[in-house]
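>>> Generate coordinates for the sequence data below:
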Amino acid sequence: MTTQLAHPPVSPAANPMQRFKPWQLLLALPLLALAIWPWTAGQFVLHLAILTCINVVIVNGLSLIDRTGQLSFGHSAPVALGAYASVLLATQGGLGILGGAALGLVFVAVVAAALGWVILRLRGVYFVLVTFAFAELVRLIALDAISLTGGANGIAAIAPLQIGGFAFDTRARFYALALALALASLGFMLWLFKRPMGQAMNAVAANPALAESTGLSVLRIQIVAYVGGCVLAGLGGVLTARYIGFISPESFNTSASVAFITMLVIGGRKSLYGPILGAVVLTPLPELFRGAVQTQHMFYGAALILILRFLPGGIASVVARVSRKGGAQ
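Numbering: from 1, shown residues only. Now for the predicted structure:
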């Protein structure tokens, strides 16, 4: 006669809590507190938090492109396309806010696929220069198409985003939406690079010739990454337009592209958490130096140089070292 246990023992792998080490749980607590803090810290902090979340979405798109070995110097272009297309399709196309946003992202994807099929055959500095030129072209078109875009005056009084009749017309509400989308973009990146397509992207970045010899289509994989990265950037453009309520060609100039690249590099190009770390550090940094108008850019540049000098792998390299030490204990 055998006796059956009422509750059979649970293997370590079956217990979700045992998948996390103590240092990981300790790190998650301050991050959770940091995400909740803006709701209690006033309107200015909420404003910075919203901009940070939007930048996380955009820089995640840049990171996706970079992970196939191509660094875009014109990432402001898909941001601008997403912002303008979503607003114009909603107002002049009569599609409504959500319909305009959805079709605007489809438009960004189509443009990115057509452009990527041509320019992704280029390598190195040639790809960088072409993406820069495309971003300038988009900005000049927005500047000259006065009847559609308002030219240098831009488009003002853009209605706040509404989903199912619920308007995100306060900073507290919009922060909840921006935070959810930032986390969703991170979740997408984590999921993608555990899949065969993500692993193929890493292989293409490491050695395109070797990846091609194993049967991978380097161009196809880079196009997929480029389209995905541009759609994330376009989503950031949609959020920017609906939050700020105003867009103009100067909102998407070269400085914006440089800022996105800087966030990626400072956060850590080789880490999936790099975009978050870079956006969290660099988005509020100009505001901290805003009181020193004459020397603001000097302080900002000095801070970037120090980070690059002492943390060449980005801020994520510090987190990685802490992780290794925590895992060894």
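
>>> thought residue 49 was touching residue 38?
Yes. With contact defined as CB atoms under 8 Å, residue 49 counts as touching residue 38 (3.8 Å). In this view, the C-beta of every residue, glycine as well, is placed from N, C-alpha and C.

>>> Tell me which helix or strand residue 176 sits in.
helix 171-192 (DSSP states H and E).

>>> Check the contact lists of residue 49 and residue 38 and give me the overlap.
Shared contacts of residue 49 and residue 38, defined by CB atoms under 8 Å, 6 or more residues apart in numbering, comprise residue 175.

>>> Neighbour count: those two, which is higher?
Between residue 49 and residue 38, residue 49 has the larger neighbour count (other CB atoms under 10 Å), namely 25 against 22.

>>> Checking my notes, the more buried one in a helix, right?
Yes. Assessed by DSSP: H, G, I helix; E, B strand; the rest coil, residue 49 belongs to a helix.

>>> Quick check: it vs residue 42, distance?
Residue 49 sits 11 Å away from residue 42, going by CB to CB, to the nearest Å.

>>> buried ones in the longest helix belonging to the chain?
Ranked by residue count, the top helix of the chain under DSSP state H comes out as helix 218-244. The neighbour-count check on helix 218-244 (16 or more other CB atoms under 10 Å) flags 218, 221-243 as buried.

>>> Let me see the contact set for the closest residue to residue 202 other than its chain neighbours.
Closest residue to residue 202 apart from its sequence neighbours, by CB to CB, 6 or more residues apart in numbering: residue 67 at 6.6 Å. Residue 67 is in contact with 193, 198, 201, 202, 205, 225, counting by CB under 8 Å, 6+ apart.

>>> give me phi/psi at residue 67?
Here is the backbone geometry of residue 67 (degrees, to the nearest 10): phi -70, psi 0.

>>> Identify the residues contacting residue 59.
With CB under 8 Å, 6+ apart, residue 59 has these contacts: 260, 263, 264, 267, 275, 278, 279.
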